[in-house]
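> Prediction below, plus the sequence it came from.
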Amino acid sequence: MSQAHAPTVRGLFGALLALLVLTGLTVAAALQDLGPWNDLVALLFAGSKALVVVLVFMHARRAEPLIWIFAGIGIAWLLLLIGGTVADFDTRDAPPPWTE
Amino acid sequence: MVEEASALAAQQFEDLHQERETVGLGMWVFLAQEAMFFGGLFTVYTVYRRLHRAAFLEASRHLDLFLGTTNTVILLVSSLTMALAVHAAQRGRGRACAAHLASTMLLAAAFLALKVVEYGHKVHDGLLPGEGFNAGLFRHAGAELFYSLYFVMTGMHALHMVVGIALMAFVLARALRGRYWHFVDLVWIFLFPLLYLFGRHA
């Protein structure tokens, strides 16, 4: 949180500009029929926006390695939670009765 | 600076730098826990969307893309004003910090006001899950699941915003609160495509 780790005002405005451009692009892409790619494209845009917020607004870019490890573990558990559950449902013969 | 810092640090820390690092790390641990909390909801969304894809596509088209996009822009700008408040606080510019925090709270209030308007439209259109749900609007069963998730996920997100506004009101210049606000923005960044953009192309 020290001053040396913080981005400049210019950097902060640049981040907002990038986020607004990415928002425009993701809306434009969602209006096109990209077949199976719509979902992936939307998530890639959301992921890029998340990265900008975490790196610039949340000062992660120049944070201590320990913070990177903790944030990384958080993301890893999140992927395990979603990935593990999807793997479970996708390998069942029939969806469980409570999902009907 | 170091002598002064060690004099100010709480007794369990070597110096102020170590104390700040510890407080910062604690905030990241809290946010990781918050990510797991919202992650559970995103997991439920993922599972049901895979089981009821056509219904989710159809239901998504009934959301107001203009309001959703407007709120996305409002929240992104509020993340900038929050970052500017932290920037000003770190340089000891109290007045600028307070002004940026006030802007952030104003933008948050605008987001919530639009959300109230949007919820009102949905209730009016019979899209509130429960006995009054108008299933006749949809060709596919499962749209009600989408709207259950819509209200729970955006509702929990809105509740986090209310907590954020309260934190800002209480602590007008504590830098560590900034990350909490950006986290609220992060959740919305994923909610927006998953709820509003999903069925738009068809």
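Yep, it's here.
> so which strand or helix has residue 27?
Unless you meant another one, I'm taking chain A. According to DSSP states H and E, residue A:27 maps onto helix A:9-30.
> sorry, should have said chain B
Using DSSP H and E, residue B:27 sits within helix B:16-51.
> tell me the contacts of the closest residue to chain A within chain B?
As assessed by Cβ to the nearest Cβ, chain A sits closest to residue B:32 within chain B, at 3.0 Å. C-beta here means a position set from N, CA and C on the backbone, and glycine is covered the same way. Residue B:32 is in contact with A:70-71, A:73-74, A:77, counting by Cβ atoms under 8 Å, 6 or more residues apart in numbering or on different chains.
> How confident is the prediction for it, by pLDDT?
Here, the pLDDT recorded for residue B:32 equals 90.
> where does chain A have low pLDDT?
Along chain A, segments meeting pLDDT under 70 span A:1-5, A:95, A:98-100.
> ok, longest helix in it?
helix A:65-90 (DSSP state H).
> tell me the angle that helix makes with helix B:16-51.
Using axes from the mean of the first three to the mean of the last three Cα atoms, to 10 degrees, the direction of helix A:65-90 lies 10 degrees away from that of helix B:16-51.
> Which neighbouring elements make contact with helix A:65-90?
For helix A:65-90, the packing partners by 3 or more Cβ pairs under 8 Å, 6 or more residues apart in numbering or on different chains; DSSP states H and E come out as helix B:16-51.
> The helix or strand just after the helix it packs on versus helix A:9-30: what angle between them?
Moving toward the C-terminus from helix B:16-51, the next helix or strand (DSSP H and E) is helix B:53-60. Here the directions of helix B:53-60 and helix A:9-30 differ by 120 degrees (the same axes, to 10 degrees).
> Report the central residue of chain A.
The residue lying closest to the centre of chain A (Cα atoms, centre = their mean) is residue A:47, at 2.9 Å.
> quick one: the helix or strand hosting it to chain centroid distance?
According to DSSP H and E, residue A:47 maps onto helix A:37-52. Mean-position distance between helix A:37-52 and its chain equals 7 Å (Cα atoms, centre = their mean, to the nearest Å).
> With stretch A:66-80 instead?
13 Å.
> Which positions in that stretch come out as buried?
Within stretch A:66-80, the residues scored as buried using 16 or more other Cβ atoms under 10 Å in any protein chain shown are A:67, A:70-71, A:74, A:78.
> Relative to residue B:53, which of the residues you listed is nearest.
Set against residue B:53, the nearest of the buried residues of stretch A:66-80 by Cβ to Cβ is residue A:78 (22.5 Å).
> Just to check, that closest one is in contact with residue B:39?
Yes: between residue A:78 and residue B:39 there is a contact at 4.5 Å, judged by Cβ atoms under 8 Å.
> hang on, the earlier thing: on contacts alone, who are the packing partners of the helix holding residue A:27?
Secondary-structure packing of helix A:9-30 (3+ Cβ pairs under 8 Å, 6+ apart): helix A:37-52, helix B:65-90.
> Give me the residues contacting the first one.
The contact list for helix A:37-52 (Cβ under 8 Å, 6+ apart) reads A:15, A:18-19, A:22-23, A:25-26, A:29-30, A:32, A:34, B:186, B:189-190, B:192-194, B:197-198, B:201.
> Which of those residues are buried? Put it as a ChimeraX command.
Provided next is the ChimeraX selection string for whichever of those are buried by 16+ other Cβ under 10 Å:
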select /A:15,18,19,22,23,26,29,30 /B:186,189,190,192,193,194,197,198,201
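> what residues does the helix or strand where residue B:187 lies touch?
Per DSSP H and E, residue B:187 falls inside helix B:177-191. Applying Cβ under 8 Å, 6+ apart, the contact partners of helix B:177-191 are A:46, A:49-50, A:53-54, A:57-59, B:27-28, B:30-31, B:34-35, B:38, B:42, B:71-72, B:75-76, B:78-79, B:82-83, B:85-86, B:104, B:153-154, B:157, B:160-161, B:164, B:167-168, B:171.
> Contact partners for the one residue in chain A that gets nearest to chain B?
When scored by Cβ to the nearest Cβ, chain A has residue A:74 as its residue closest to chain B, at 3.0 Å. With contacts defined as Cβ under 8 Å, 6+ apart, the neighbours of residue A:74 are B:28, B:31-33, B:35-36.
> run the last query once more with 6 Å
B:32, B:35 (Cβ atoms under 6 Å, 6 or more residues apart in numbering or on different chains).
> One more: the one 10 residues further on?
Contacts for residue A:84 (Cβ under 6 Å, 6+ apart) come out as none.
> next one: residue B:198
Counted by Cβ under 6 Å, 6+ apart, residue B:198 has contacts residue B:60.
> I'd like the distance between it and residue A:38.
8 Å (Cβ to Cβ, to the nearest Å).
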